[in-house]
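Fold the following, please.
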Amino acid sequence: MKVLIAEDEPDSLQLLQIMIGKWGYETVPAPDGVEAWEALQQEDAPRLALLDIMMPRMDGLEVCRRAKEIPSPVPVYVIMLTAKTLPKEIVSGLEAGADDYLIKPFDPSELRARIKVGERILELQTNLAERVRQLEEALSSVKQLQGLLPICSYCKKIRDDQNYWEQVESYIARHSEAQFSHGICPDCYAQFVTPDIEKLKSMKQEEEGAKPKSE
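This next block holds a predicted model:
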């Protein structure tokens with residue numbers, strides 16, 4: 001995973017590059033806010049950014065605001081770096097859209113832990129975005145029945161656009177993702193099935209009555 005490191009102090013920038021590179025990440029250095037913003041606009045932009053608040057040409061707060069406005073299903077994860085411990089400075093970073101912050105000087109193990117948290121959150125957001133994409137594709141592929149359907153008042157067949165009459169279930173199956181499982185409702189069972197059963201019973205009794213009795 002690419003990690004943007006925006007830091008205007010050359011020694012700190014180099015140290016962060018070496019340290020984060022050893023942890024297995026690809027680093028993208030930026031010595032000021034403008035270069036950081038340009039890096040975040042690239043097609044293969046870093047997914048996680050360490051932004052120092054105080055930088056020349058464009059401060060980290062402005063970079064963070066702009067980065068969060070980039071249309072993306074998975075926005076860049078921003079960790080603000082600040083040497084100030086005043087609550088208002090931290091609040092300013094969070095209000096700009098930062099996901100996390102670290103106060104300088106910080107322990108390398110804490111930085112690594114914060115990056116790991118960001119990586120896990122990005123993975124979750126990526127999986128969620130993929131599920132949403134799949135759902136949108138599924139919804140877009142579903143055909144919907146619209147308008148008036150000419151239906152026979154006797155046999156209940158539907159007339160299609162080619163003036164061909166077909167069973168309701170056949171028509172709906174062709175125009176939607178619906179599948180049918182046939183059954184018999186209680187009213188139809190009483191009206192159609194029960195008389196047939198009674199008729200079969202009667203016929204069976206007549207056949208048995210007509211058989212000659214054995215001596």
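
Grab the most central residue of the chain for me.
residue 132 (2.2 Å; CA atoms, centre = their mean).

Now name the helix or strand holding it.
Under the criterion of DSSP states H and E, residue 132 resides in helix 108-141.

Summarise which helices and strands whichever helix or strand comes after that helix is packed against.
Sequence-wise, the next helix or strand downstream of helix 108-141 (DSSP H and E) is strand 158-159. Secondary-structure packing of strand 158-159 (3 or more CB pairs under 8 Å, 6 or more residues apart in numbering; DSSP states H and E): strand 165-166. For every residue, glycine as well, the C-beta is placed using N, CA and C.

Quickly note the distance from the residue nearest to residue 19 when sequence neighbours are not counted to residue 18.
Excluding the flanking residues, the one nearest residue 19 by CB to CB, 6 or more residues apart in numbering is residue 108, at 5.9 Å. According to CB to CB, to the nearest Å, residue 108 stands 11 Å off from residue 18.

neighbour-wise, which of these two wins?
Neighbour totals were compared for residue 108 and residue 18, and residue 108 leads with 13 against 10 (other CB atoms under 10 Å).

and the helix holding residue 132, what other elements does it pack with?
Checking 3+ CB pairs under 8 Å, 6+ apart, helix 108-141 ends up next to helix 10-22, strand 48-52, strand 77-82, strand 100-103.

Turn these into JSON lines, columns for distance to residue 204.
Formatted as JSON lines, the helices and strands packed on helix 108-141 follow (distance: least, CB to CB, whole Å):
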{"stretch": "helix 10-22", "distance to residue 204": "87"}
{"stretch": "strand 48-52", "distance to residue 204": "80"}
{"stretch": "strand 77-82", "distance to residue 204": "78"}
{"stretch": "strand 100-103", "distance to residue 204": "82"}
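
will you turn these into CSV that also has mean pLDDT and distance to residue 113?
What follows is the helices and strands packed on helix 108-141, written out as CSV (pLDDT from 0 to 100; distance: least, CB to CB, whole Å):
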stretch, mean pLDDT, distance to residue 113
helix 10-22, 95, 13
strand 48-52, 96, 13
strand 77-82, 93, 11
strand 100-103, 91, 10
